[in-house]
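Peer 1: fold the following for me, if possible:
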Amino acid sequence: MNDLPQSGVLSGRTALITGAASGIGLAIARHFRAAGAMIMLADRSAAVTERAAELGAAAVQLDATDEAAVTAAVAEAERRLGRIDTLVTSHGILTEAPVTELTLATWQQTVDVDLTSVFLLNRAVLPGMLARGDGRIINVASQLGLKGGTGLAHYAAAKAGVIAMTKSIALEVSGRGVLVNAIAPGPIETPLVAGISEEWKRAKQAELPLGRFGTVDEVAPTAVLLASDPGGNLYVGQTLGPNSGDVMP
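Peer 2: Now for the predicted structure:
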């Protein structure tokens, strides 16, 4: 069950949310439901079905690097929800390796999962949104896409690509009613960050003005804002940073 306060700010809206079996994606799904949205959860993990059932939502197991699977998932979401008002891309992988030890296979896998799949999803939902003259796309990037990170060149490069792609798509479609923005969280307590070394996490925490990592429930409201009317109406190609002060543009 979703025990968050019910706001209704997204009442009557629909959303497809990827990476929604855990972490930031699941938190966004919970906050969207609490705000009144009808949602469909997507994730490569089979656990997405159980998470969706807990929220009274639809679900699809999805490998977002597979072009045909993305096309099918978007079509299924449009069928189940009637339309996709908002796309949230919150899936991704994170590994750590210095450039001198970074294999081409790891580089390519990271770019495929963290960037190319985001492109595929954005491209797949845009025709329906543009036909209606209404839509929101929220791509979850990372503050490392703005500042880089030791041992994280592949991840930072992919997330920088998400930010640049978000701006470019926003330039193309904002005049036709579709608003495209990014969220670039700092270190957040998630299963994704759990895979990074304790040494890295201790050093990173010491750098942060807030002195702590964030929680998923501190990130999700930013997505609700960007999806809402009128709250998100003037955000075009922006990168919002719930990052504990790690990046101050």
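
Peer 1: least confident secondary structure element in this structure?
Peer 2: Scoring the helices and strands of the chain by mean pLDDT, DSSP states H and E places helix 191-194 at the bottom, with a mean of 76.

Peer 1: against which helices or strands is the longest helix anywhere in the chain packed?
Peer 2: Taking DSSP state H as the criterion, the chain has its longest helix at helix 153-173. Contacts defined by 3 or more Cβ pairs under 8 Å, 6 or more residues apart in numbering; DSSP states H and E place helix 153-173 against helix 104-111, helix 117-132, strand 135-140, helix 144-147, strand 178-183. (Each C-beta comes from the backbone N, C-alpha and C, glycine too.)

Peer 1: just to revisit the earlier point, sort out which residues of the least confident helix or strand of the chain are buried, please.
Peer 2: 192-193 (16 or more other Cβ atoms under 10 Å).

Peer 1: sketch out the low-pLDDT regions of the chain for me.
Peer 2: Residue ranges of the chain with pLDDT under 70: 1-2.

Peer 1: can you give me the distance of residue 208 to residue 201?
Peer 2: From residue 208 across to residue 201, the span is 11 Å (Cβ to Cβ, to the nearest Å).

Peer 1: what do these two both touch?
Peer 2: Between them, residue 208 and residue 201 share these contacting residues under Cβ atoms under 8 Å, 6 or more residues apart in numbering: residue 187.

Peer 1: in the very next helix or strand once past the least confident helix or strand of the chain, what's buried?
Peer 2: Where DSSP states H and E defines the elements, the next helix or strand beyond helix 191-194 is helix 198-207. By 16+ other Cβ under 10 Å, the buried positions in helix 198-207 come out as 200, 204.

Peer 1: starting at the chain centroid, how far to helix 198-207?
Peer 2: Remark: helix 198-207 is offset 24 Å from the chain centroid, using Cα atoms, centre = their mean, to the nearest Å.

Peer 1: with stretch 133-151 instead?
Peer 2: For stretch 133-151, the distance to the chain centre is 8 Å (Cα atoms, centre = their mean).

Peer 1: what's the burial count for residue 71?
Peer 2: By the criterion of other Cβ atoms under 10 Å, residue 71 has 14 neighbours.

Peer 1: which residues are in contact with the residue most central in space within the chain?
Peer 2: With distances taken as Cα atoms, centre = their mean, the residue of the chain nearest its centroid is residue 90 (2.5 Å). Counting by Cβ under 8 Å, 6+ apart, residue 90 touches 17-20, 23-25, 28, 140.
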